[in-house]
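In: my questions concern the predicted model and sequence given below.
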Amino acid sequence: MATTGGAGRPEKRKAITRAATAVFGREGYVRASMDAIAAEAGVSKRTVYNHFADKETLFLSVALLNSAELTGTIRELMAKYLDRVVDLRQDLTDFAVERARAVLSAGDHGALGRAIRAEVANIPADVLEAWLEAGPIASHRDLAEHFEAIAGRGLLAVDDPGQAAERFTLLTFHGVAERSFWGALPVADEDVVRIAQEGVDAFLRIYRAPAAG
């Protein structure tokens, strides 16, 4: 990632990245300007360019940072609920509910993700690929590895962990994502729980190992 200058002033860089997250989430990639980001951060445009070579570099930086933070949160939830499964249905449901809550409460992080999805045709290809790899693809890979491990314990019958992870997400999360327009609108918590429970039950009808029944 090409950045410039900024040595010794990490507080300025943090202010710029916070401001850029807000502005890109609010305005989108195309409409957002370096002037607006500088104003939001309370610094000069020159200071922004001292830290980031251009708008694409700044967008890539904040996209990766936000993606990594949310991915890290979801990874922690997987460790909490899926590393040591005690009650398969309950643990899967708890993970699904907490993952949905994390996305719904992502604030500016969620707004940036919505901006990327809305302007996917305008986002530079290398930026989009890097964001996907640091976020959705990384979370999908983590979940697939957990399902492979759970299957190794004889609790799930999984031939293709990647496909199982994709189906789990479709069944337990995408209903919430679509209803909330990816976090733009609130969703009642009882609906989040219901979607997760129904999705987990459907998932287990496909993948529960006979010995775990």
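Out: Ah, there it is.

In: elements contacting the lengthiest helix in the chain?
Out: The longest helix of the chain (DSSP state H) is helix 55-82. When contacts are defined as 3 or more Cβ pairs under 8 Å, 6 or more residues apart in numbering; DSSP states H and E, helix 55-82 sits against helix 10-31, helix 34-41, helix 88-104, helix 108-118, helix 125-134, helix 136-152. Using the backbone N, CA and C atoms, a C-beta is placed for each residue, glycine as well.

In: can you say which of the ones you listed is nearest to L65?
Out: Among the helices and strands packed on helix 55-82, the nearest to L65 by Cβ to Cβ is helix 10-31 (6.3 Å).

In: with just CA atoms, put the closest one into PDB.
Out: Coordinates of each C-alpha in helix 10-31 appear next as PDB, following Å, rounded to 0.1, in the frame of the first residue of the first chain:
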ATOM      1  CA  PRO A  10       0.200   8.900  14.200                       C
ATOM      2  CA  GLU A  11      -2.600  11.000  15.800                       C
ATOM      3  CA  LYS A  12      -3.000  12.900  12.500                       C
ATOM      4  CA  ARG A  13      -3.200   9.700  10.600                       C
ATOM      5  CA  LYS A  14      -5.800   8.200  12.900                       C
ATOM      6  CA  ALA A  15      -7.900  11.400  12.600                       C
ATOM      7  CA  ILE A  16      -7.700  11.200   8.800                       C
ATOM      8  CA  THR A  17      -8.600   7.500   8.700                       C
ATOM      9  CA  ARG A  18     -11.600   8.100  11.100                       C
ATOM     10  CA  ALA A  19     -12.700  11.000   9.000                       C
ATOM     11  CA  ALA A  20     -12.300   9.100   5.700                       C
ATOM     12  CA  THR A  21     -14.300   6.200   7.100                       C
ATOM     13  CA  ALA A  22     -17.200   8.600   7.900                       C
ATOM     14  CA  VAL A  23     -17.000  10.500   4.600                       C
ATOM     15  CA  PHE A  24     -16.600   7.500   2.300                       C
ATOM     16  CA  GLY A  25     -19.500   5.800   4.200                       C
ATOM     17  CA  ARG A  26     -21.700   8.900   3.900                       C
ATOM     18  CA  GLU A  27     -20.800  10.100   0.400                       C
ATOM     19  CA  GLY A  28     -19.500   7.000  -1.400                       C
ATOM     20  CA  TYR A  29     -16.200   6.500  -3.200                       C
ATOM     21  CA  VAL A  30     -16.900   8.700  -6.200                       C
ATOM     22  CA  ARG A  31     -18.500  11.700  -4.500                       C
END
